[in-house]
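1. Compute the structure for the input listed below.
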Amino acid sequence: IGSVGLAVSKNVGKVGIKPFLRMGPVFLTAGFLLASLLNSSSGYLDIFYPLVLLGIGMGFLFVPLTLNAVSSVEAKESGLASGLLNTSQQLGGSIGLAVMVTVAATTIKSQTKSILSAATAHKNASLIGITKTDIMQNAQVHAFQNVMHLAMLAAILAFLVSFFLVKLKDPKSQITK
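-> Below is the predicted model:
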């Protein structure tokens, strides 16, 4: 994230913050999509590429969001704006994590209950020999995939907000303030 953020901070004066605010969620969406394809047999490279995309997406967002937050207020209020930005990031992260943990826990409970009830009710021959560990691992992978889909939807929403709702000033005026 650091090197991407550094590159963004060097180029934001030339192109403004709009391209970065719009491309960040695109990289995040791609990273979450690739991460949602992971399973219990995925290797290191399967995990590496989504993490790189997620890092690039976050790097694209941190500098422009901070710049937009502090440049759109009077100089004497920039500390307050920065504090509000940091507080909203902390609250957003906490709420987002709580939602994702709830989705994961609900998915695991639903998956395990579904598999166990199917095995006992139908005495399905294909389910014989599946261990509790296999059932739990399958449920956890499914939960992870659901959480990645949810995060992908949040990234798509961030893109739409940045594209349609955020009205930004001229990039030169944001940097000189």
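2. Excluding sequence neighbours, find me the nearest residue to the residue nearest the centre of the chain.
-> The chain has residue 151 as the residue nearest its centroid, 4.7 Å off, counting by CA atoms, centre = their mean. For residue 151, the nearest residue in space outside its immediate sequence neighbours is residue 32; the separation is 4.6 Å by CB to CB, 6 or more residues apart in numbering. No exception for glycine: its C-beta is placed from N, CA and C like everyone else's.
3. Send over the helix or strand containing the one you found as CSV, restricted to the C-alpha atoms.
-> Residue 32 is part of helix 18-36 when elements are defined by DSSP states H and E. Below are the C-alpha coordinates for helix 18-36, written out as CSV (Å, rounded to 0.1, in the frame of the first residue of the first chain):
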residue,chain,number,x,y,z
LYS,A,18,-11.0,11.6,-9.4
PRO,A,19,-9.2,8.9,-11.3
PHE,A,20,-7.8,7.4,-8.1
LEU,A,21,-11.1,7.6,-6.3
ARG,A,22,-12.7,5.7,-9.2
MET,A,23,-9.9,3.2,-9.9
GLY,A,24,-9.4,2.2,-6.3
PRO,A,25,-12.8,0.5,-6.0
VAL,A,26,-12.2,-1.2,-9.4
PHE,A,27,-9.0,-2.8,-8.1
LEU,A,28,-10.7,-3.7,-4.8
THR,A,29,-13.6,-5.3,-6.7
ALA,A,30,-11.2,-7.4,-8.8
GLY,A,31,-9.2,-8.4,-5.7
PHE,A,32,-12.3,-9.5,-3.8
LEU,A,33,-13.6,-11.3,-6.8
LEU,A,34,-10.4,-13.3,-7.2
ALA,A,35,-10.3,-13.9,-3.4
SER,A,36,-13.9,-15.3,-3.6
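4. just to revisit the earlier point, now that the residue nearest to residue 151 has come up, it's in contact with residue 54, right?
-> Yes. Counting by CB atoms under 8 Å, residue 54 is a contact partner of residue 32 at 7.3 Å.
5. related to what we said a few turns ago, I'd like to know which elements the helix holding residue 32 is packed against.
-> Helices and strands touching helix 18-36, as assessed by 3 or more CB pairs under 8 Å, 6 or more residues apart in numbering; DSSP states H and E, comprise helix 44-71, helix 132-160.
6. how far does that helix sit from the chain's center?
-> The gap between where helix 18-36 is centred and where its chain is centred comes out at 8 Å by CA atoms, centre = their mean, to the nearest Å.
7. pLDDT on that helix, on average?
-> This predicted structure assigns helix 18-36 an average pLDDT of 95.
8. Check which residues of that helix are buried.
-> Of the residues in helix 18-36, those with enough neighbours to count as buried (16 or more other CB atoms under 10 Å) are 18, 20-36.
9. closest one to residue 115 among the helices and strands packed on helix 18-36?
-> Put simply, out of these the one that sits nearest residue 115 is helix 132-160, at 5.2 Å, with distance taken as CB to CB.
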